[in-house]
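Peer 1: coordinates only, no sequence provided:
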């Protein structure tokens, strides 16, 4: 059975659900996460932030790319800026949940957003 992923990704729901998932994950209180680390990978937190925001920007970018004909580069830039602002806002939210405020998490969020949009541009490059 072949799944046609474009059919689902061209709706706004994957992007909305992922946005909510990112919010819940980043706004969860510190007590939600175990203190004992089973995996000790250097900067694993930053890798997670990059992945979260790359997928966030990719899903929103893919939705708009498929549903808005014409020039998309300006819209993709707006998606990057809004994703970065979302990441910054989530760091401030974490102050109220007992988690650490980290500028490097913001940088990882920005890198992820740029990566997500870059993947759209690469995937949809005219041949």
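Peer 2: Everything's here; your move. Remember, predicted model here, so these are calculated numbers, not experimental data.
Peer 1: next SSE downstream of the worst-scoring helix or strand of the chain on mean pLDDT?
Peer 2: Among the helices and strands of the chain, helix 5-9 carries the lowest confidence by mean pLDDT, DSSP states H and E, at a mean of 70. Proceeding C-terminally, helix 5-9 gives way to helix 13-27 as the next helix or strand, assigned by DSSP states H and E.
Peer 1: where does pLDDT dip in this structure?
Peer 2: Residue ranges of the chain with pLDDT under 70: 1-6, 30-42, 69-70, 125-127.
Peer 1: nearest residue to the residue most central in space within it other than its sequence neighbours?
Peer 2: Geometric centre of the chain, nearest residue: residue 53, 1.9 Å, by C-alpha atoms, centre = their mean. Using C-beta to C-beta, 6 or more residues apart in numbering and skipping residues adjacent in sequence, the residue nearest residue 53 is residue 112, 3.1 Å away. For every residue, glycine as well, the C-beta is placed using N, CA and C.
Peer 1: residue contacts, the one you found?
Peer 2: Contacts for residue 112 (C-beta atoms under 8 Å, 6 or more residues apart in numbering) come out as 49-57, 83.
Peer 1: kindly indicate which of those residues lies nearest residue 25.
Peer 2: Residue 25 lies nearest to residue 52 out of the contacts of residue 112, by C-beta to C-beta, at 7.1 Å.
Peer 1: surely the closest one touches residue 23?
Peer 2: No. With contacts counted by C-beta atoms under 8 Å, residue 52 stays clear of residue 23, the gap being 10.3 Å.
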